[in-house]
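>>> Here is a sequence together with a model predicted from it:
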Amino acid sequence: MSTDMAAAAAQAVRVCAAAELVDGGAGVRCAARLDGGDVVVFFVRYDGRAYGYLNRCAHVPMELDWAEGQFFESSGLYLMCATHGAIYAPDTGKCVGGPCRGGRLRPVQVEERDTPEGRAVFWLPDDELTPATP
Ligand code: FES
C-alpha cells in the first residue's frame, strides 16, 4: 500500500451527530464503494457504543434493512436481515441465528469525537471499503 493510499484511507467521514444514533434505534446509511461496485454501509448504536457494518447479509449478498435504516429486530438486541431473518449480534457482527449462523457482517471502523459542532460519529474507512465520492 502506498503512503498516499494510507493517507486517503485514514480520512474520517462524518456520519451523523452522536445523538442521532439511538440505542437499538434506527441506523444511518452511507453510500460506499467496494471492489468497484456501489454498496451501503450502516451505523447503529448498541449498549451505548456506535458500530458500523457493510449492509450485506452473510447469507445472500442482500441489504439487511426491511425499511430504510431499520436494522434492529423488535427487542432492539439484534440486527436482523429482512430477507430470511438471520440475526446478528450488533457488537460483533456475528450471525447468531438463521441461515448463515456462524457467518458475520463485514465491520467498518467507527469513532465518536467531539467537534466544534458537537459530538459526532465518524467512519474511519479502510482502503478496501471506501466512501462513495459524490
Ligand atoms: S439474505 Fe439475509 S437471511 Fe437470507
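On my side now, so go ahead.
>>> Up against the ligand, what does the protein have?
Within the chain, the positions near the ligand by Cβ under 6 Å from any ligand atom are 57, 59-60, 62, 81, 83-84, 86, 98-99. (C-beta placed from N, C-alpha, C; glycine too.)
>>> cutoff 8 Å now
57-62, 64, 81-86, 98-100 (Cβ under 8 Å from any ligand atom).
>>> Those in strands, which ones?
With strands taken from DSSP state E, there is no overlap with the residues of the chain next to the ligand.
>>> ok, of those, which one's closest to Leu129?
Pro61 (13.7 Å; Cβ to Cβ).
>>> where does the closest one land on pLDDT?
pLDDT, Pro61: 95.
>>> do the same with Arg101
pLDDT for Arg101: 89.
>>> Now do the contacts for it.
When contacts are counted by Cβ atoms under 8 Å, 6 or more residues apart in numbering, Arg101 touches 86, 95.
>>> one more time with 6 Å, if that's ok
Contacts for Arg101 (Cβ atoms under 6 Å, 6 or more residues apart in numbering) come out as Cys95.
>>> hang on, the earlier thing: farthest-separated two in the residues of the chain next to the ligand?
The largest separation in the residues of the chain next to the ligand, counting by Cβ to Cβ, is between Pro61 and Gly85 at 16.3 Å.
>>> which residues of this protein score low on pLDDT?
The model of the chain has pLDDT under 70 over residues 1-10, 134.
>>> before we move on, the earlier item: compare Pro61 and Gly85 (neighbour count), which wins?
More crowded of Pro61 and Gly85, by other Cβ atoms under 10 Å: Gly85, with 13 against 9.
>>> excluding its backbone neighbours, what's nearest that one?
Gly98 (5.4 Å; Cβ to Cβ, 6 or more residues apart in numbering).
>>> Hmm, Ala86 and the one you found touching each other?
Yes - counting by Cβ atoms under 6 Å, Gly98 touches Ala86, with 3.2 Å between them.
>>> What is the end-to-end distance of stretch 50-58?
Using Cα to Cα, to the nearest Å, the span of stretch 50-58 from its first residue to its last is 21 Å.
>>> do the same with stretch 97-114
In stretch 97-114, first residue to last residue: 36 Å (Cα to Cα).
>>> Helices along this structure, start to end?
Using DSSP state H, the helices of the chain run over 3-9.
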